[in-house]
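> Any chance you could fold what I've pasted below:
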Amino acid sequence: MLNPINKTIELADGRTITIETGKLAKQADGAVTVRMGNTVLLATVCAAKDANPGVDFMPLQVEYKEKYSAFGRFPGGFTKREGKASDYEILTSRLVDRALRPLFPDNYHAEVYVNVILFSADGEDMPDALAGLAASAALAVSDIPFNGPISEVRVARVDGKFIINPTFSELDKADIDMMVAATIDNIMMVEGEMSEVQESDMLDAIKVAHEAIKVQCQAQLELSEACGKLVKREYCHEENDEELRKDVHDKCFAKAYAVATSGTDKHQRFDAFQAIIEEYKANFSEEELEAKAEMIGRYYHDVEKEAMRRAILDEGKRLDGRKTTEIRPIWIETDYLPGPHGSAVFTRGETQSLTTVTLGTKADEKMVDDVLNHSKERFLLHYNFPPFSTGEAKASRGVGRREVGHGNLAHRALKRMIPDGYPYVVRVISDILESNGSSSMATVCAGTLALRDAGVPMKKPVSGIAMGLISENKGQNYAILSDILGDEDHLGDMDFKVTGTADGITATQMDIKVDGLSYEILENALAQAREGRMHILGKIMEAQPETRAELKPHAPRIESMTIGKEFIGAVIGPGGKIIQGIQEKTGAVITIEEVDGVGKIEISGTNKDTIDAAIRAIKGIVAVPEIGEVYEGKISSIMPYGAFVEFMPGKDGLLHISEIDWKRLETVEQAGLKEGDTIQVKLVDIDAKTGKFKLSRKVLLPKPEGYEERPPRPERGPRPERGDRGPRQDRGDRNNRNDR
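Numbering: from 1, shown residues only. Have a look, this model is predicted:
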């Protein structure tokens, strides 16, 4: 018998969110439906009863999927079935994963699978803003150990007003678009993009989002209590030996601390840390190691973490010897590769990005065919992270979730700086060649340099920096780190990436791994991040003071023009005959579409002459013939009484034999004219009834000396009625004309 349990959450604008459990997917460990308006999500969670042998991490997998049927659509492709996850689904999955993962107990290692499925949508409410709430609510009604609940909301600022979970149409007008995840007490994750806003504006947005999240978390606690799930399952996923833990600490900490304060580079430091544990393991027999190796590794990891943190908090010494606010050395080289349309190498410490830019035409646009997003993208950014960038000996196996996420952050950082109406499709490719911290921020910096090298007139250059945090006693003692290393990210409490121009923030991504992060710490981190961004931006401008004035010789040239909607068919022609003919004749590539009631045309070619020829041809089609204008036309046919001249594409006029020359001509050929000749003519008249064009060539020639105008032919009188024309010829006479 069904016994569903519901909780309703009221939003400030009058909308409601309903969470229901006990009706669907009851065999999962936890399952809920979340509904807002006509948007319905099902979230389920299942956890293995025990951990797999040797697993010492949290094997969490989050999958967000959208059904095309949710919006009454068929999937594309031959199979007409949902396939692999889209970038949007991957990014939404990552947002949920990053909020949930830190809140599982440190010693819980069972496999956990969270699935969130969109089953209904109305095209207005944005389902990704509900995915985190749905996933957390499914955990709340399960017995899976979890230190939540959490929730996620989207916060946008439209016309100076903050809106929680805005609609698609509202988001189009927003200058802040952020996803925020939090518990009742603490911010856990932030990601979003902005239009050069100030740090204080971003903090205000986070605070507004947190207030809404507190209400949603409280509703989940009440739901969990109503389901009787406040007590979670018992588990034992780690064996521990406290004497061994103490022995590892006592014998290894001092050595690890010495390495942590030595200021060596990444690989030297790794080898030195590894040597410490290998030396310690040498004290054990093979049989003892077989039983204790996993625990020794886990305890030594804690020793490394403590050594790094104590060095920073007690002495202000970082792993590579820098001060907390110091940025690693930067070297830059632009126009590095001859083939791409733009390129740059950006190296900061042991992190290096080789970034290229390709300029394309409308035909290169990316077609987006997601469930709720059917559009085209003209600015693309792809991020690649090959294993060799960290010295790993393994094969590259396609694009992973991390690459999609880091590329998306860099994309959001740069996209608002591409000029509005820029005619080129732009693709930025960042290949990470070395990595030791914040390769996504290196991508932003290298992307700016490569775009400017390609001649893309960016509104403003953008730089980015990753900030870290080491804290203790719930933030009572802390250090904020500028330009963090990979180990500082792994062993620290925060990874906070900020990108922006000299005038404000364009994108951010923050993951917090510790409770008790105050807004004061966030404010200080943002201020320190701004100083670092400005330092890096200065290095960018020093290396590349100006955007390239002209495109590189091998880059395509594109010109745009608009025509009246009524001329689109004339330019295309029947079956595309006209536009294809222009392309064949000029060598240009022409695309045309109706946008906002006008025809938008893009003409691309390898040189200016090609484009100019295509523009002239199109202008000839859409131009309206004007009496008195002089045109250059081609003789299309010759008749006894004159010649027909195509003086504009698709428009022929009669050049009467009397209008060819001032002298009297018996035939058109007497003037030396033949079919295919190009001549100049003047449009002298347009018949009001038939629309036929009357042309003249002689008016463009000098009048002969002594030339006298012939008197005009007298006007004919009215045509006589048949009764006034005299006797009608006998039919018989007419039938015998040949006898005359």
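
> ok, how many other residues are close to the nearest residue to residue 238 once chain neighbours are set aside?
Among residues not flanking residue 238 along the chain, residue 107 sits closest, at 4.7 Å (CB to CB, 6 or more residues apart in numbering). For the C-beta atoms, the positions are set from N, CA and C on the backbone; glycine is no exception. Per other CB atoms under 10 Å, the neighbour tally for residue 107 reads 15.

> so how far is residue 56 from residue 107?
Using CB to CB, to the nearest Å, we find residue 107 at a distance of 9 Å from residue 56.

> Tell me what residue 6 is bridged to.
Residues in a beta bridge with residue 6, per DSSP bridges, are residue 20.

> wait, it sits on residue 20?
Yes: counting by CB atoms under 8 Å, residue 6 does reach residue 20; the two are 4.9 Å apart.

> So between the two, which is more surrounded?
Comparing residue 6 with residue 20 by other CB under 10 Å, the one with more neighbours is residue 20, at 20 against 15.

> So for the more buried one, what's the pLDDT?
What the model reports for residue 20 is a pLDDT of 97.

> hang on, it packs against residue 32?
Yes: when contacts are counted by CB under 8 Å, residue 20 is listed as touching residue 32 (6.5 Å).

> Now do the shared contacts for residue 107 and residue 56.
Common contacts of residue 107 and residue 56, defined by CB atoms under 8 Å, 6 or more residues apart in numbering, comprise residue 238.

> How many residues are close by residue 144?
22.

> give me phi/psi at it?
Backbone geometry at residue 144, expressed as degrees, to the nearest 10, gives phi -80, psi 130.

> And the pLDDT for it?
Reading off the model, residue 144 has pLDDT 97.

> same check, this time on residue 56
85.

> Around it, how many other residues sit close by?
15.

> same question, residue 238
Residue 238 - counted by other CB under 10 Å - has 15 other residues nearby.

> Just say helix, strand or coil for it.
Here residue 238 is recorded as coil under DSSP: H, G, I helix; E, B strand; the rest coil.

> Tell me the spacing between it and residue 289.
Counting by CB to CB, the gap from residue 238 to residue 289 is 18 Å.

> Break this protein into its domains for me.
The chain breaks down into these domains under the TED database: 3-225, 240-313, 328-541, 555-620, 627-698.

> Now do the buried residues in the lengthiest helix in the chain.
In the chain, with assignment by DSSP state H, the single longest helix is helix 199-227. Buried positions in helix 199-227, judged by neighbour count with 16 or more other CB atoms under 10 Å: 199, 201-202, 204-206, 208-210, 212-213, 215-217, 219-220, 223-224, 227.

> Tell me which other helices or strands the helix or strand following it touches.
Once the chain leaves helix 199-227, the next helix or strand it forms, by DSSP states H and E, is helix 242-260. Under the contact criterion of 3 or more CB pairs under 8 Å, 6 or more residues apart in numbering; DSSP states H and E, helix 242-260 touches helix 266-281, helix 286-310.

> With distance to residue 373 and mean neighbour count added, can I get the ones you listed in a markdown table?
Shown next, in a markdown table, are the helices and strands packed on helix 242-260 (distance: least, CB to CB, whole Å; neighbours: other CB atoms under 10 Å):
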| stretch | distance to residue 373 | mean neighbour count |
| --- | --- | --- |
| helix 266-281 | 40 | 15 |
| helix 286-310 | 42 | 17 |
